[in-house]
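Colleague: Let me see the structure of the following:
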Amino acid sequence: MRIARLCCALLLSGMAFAAQAKMVHKPVEWSQDGVTFHSVLVYDDAVATKRPGLVMVPNWYGVNDQALKKADGIAGKDYVILVTDMYGAKVRPTSDEQAQAAVKPLYSDRALMRKRVNLALDQLKAQAKDAPIDLGKLAAIGFCFGGSAVLDLARSGADIAAVVSFHGGLKTDDPSLAKQIKARVLVMNGADDKGTMPDADAFMDEMRGGKADWQFVVFGNTVHCFTETDQHKEGCMYDERSAARSYRLMRDWLHGAFTGTP
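Modeller: Model prediction:
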């Protein structure tokens, strides 16, 4: 009897193991203005339930193993995430100097940034034919440079439920674009982030000039890069407490936006 029970337990545990999460990393390519972009769709295929789709723009290092690992952790069984290439497949920075060179053309031409991130949103929608994406629940999240990109997606008037920016740049080339924002906007920055916080007052004035539902959260004793687990430099440092708080706020914000609740 004991042997039978043991065999049954092993069988059940094996079935449970087989049903555990398997994170899919599906390459997604498109071209725009002669540039080919290589992004990655991330989701758990252990369940077929449709779930919200998120455009995720990584920090200025772009699509790499660290960005995919972060997407895995956020996606879980809750979201389908398009880890978005904003530079083109041939540009993969491996140093701060290379990353700075990669973002410079986009910060210099915000119309181009908006054009590229809007195409990424279109590509996310197109994946719904094969991936479990609920097209009625779309949003965008971004980190550092990616925060700037998703804010520009909102400023472009994209028809999405929400955008969430983590330690992202706050500047814009045209504050009047805030009047076009349809998404709920959540921005989270470190109080001691010397790169972004000098622009905080101008950003809040910009948001006041629009009609968006927005919230600006400042984490005390926190510098830039607080969600980036591989960053431990002065002024750009992972902060476990602020990261955990920001992810919890993100999930609450997205839930509210998707369900139409406060």
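Colleague: was I right about Val63 contacting Asp85?
Modeller: Yes: if you go by CB atoms under 8 Å, Val63 and Asp85 touch, sitting 5.0 Å apart. Where you see a C-beta, it was placed from the backbone N, CA and C, and this is true even at glycine.
Colleague: joint contacts of those two?
Modeller: With contacts taken as CB atoms under 8 Å, 6 or more residues apart in numbering, Val63 and Asp85 have 38-39 as neighbours in common.
Colleague: pretty sure Met113 contacts Thr84?
Modeller: No: using CB under 8 Å, Met113 and Thr84 do not qualify as a contacting pair, with a distance of 11.6 Å.
Colleague: what residues are shared contacts of the two?
Modeller: Common contact partners of Met113 and Thr84 (CB under 8 Å, 6+ apart): Ala149.
Colleague: So if I had to pick from these two, which one is more boxed in?
Modeller: Thr84 (30 against 25; other CB atoms under 10 Å).
Colleague: what's near enough to touch that one?
Modeller: 37, 39, 55-58, 63, 117, 120, 146, 149.
Colleague: Switch the residues you listed over to a markdown table; also include distance to Val24.
Modeller: Output for those, formatted as a markdown table (distance: CB to CB, whole Å):
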| residue | distance to Val24 |
| --- | --- |
| Phe37 | 19 |
| Ser39 | 13 |
| Val55 | 17 |
| Met56 | 15 |
| Val57 | 20 |
| Pro58 | 18 |
| Val63 | 15 |
| Val117 | 23 |
| Ala120 | 18 |
| Gly146 | 21 |
| Ala149 | 24 |
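Colleague: Quick one: mark the members of those residues that sit in helices.
Modeller: If you go by DSSP state H, the contacts of Thr84 have 117, 120, 146, 149 in helices.
Colleague: These: which two are farthest apart?
Modeller: Based on CB to CB, the longest span within those runs between Ala120 and Gly146 and measures 10.8 Å.
Colleague: any common contacting residues for those two?
Modeller: In terms of CB under 8 Å, 6+ apart, Ala120 and Gly146 are both contacted by the residues 57, 84, 86.
Colleague: now, which of these sits nearest Val217?
Modeller: Distance to Val217 across these (CB to CB) is lowest for Val57, with 19.1 Å.
Colleague: That closest one is in contact with Ala149, isn't it?
Modeller: Yes: counting by CB under 8 Å, Val57 touches Ala149, with 4.2 Å between them.
Colleague: Looking at Ala120 and Gly146, which one has more neighbours?
Modeller: Using other CB under 10 Å as the criterion, Ala120 and Gly146 rank with Gly146 on top: 29 against 26.
Colleague: List the residues that contact the more buried one.
Modeller: Contacts were defined as CB under 8 Å, 6+ apart; by that measure Gly146 touches 56-59, 84, 86, 165-166, 168.
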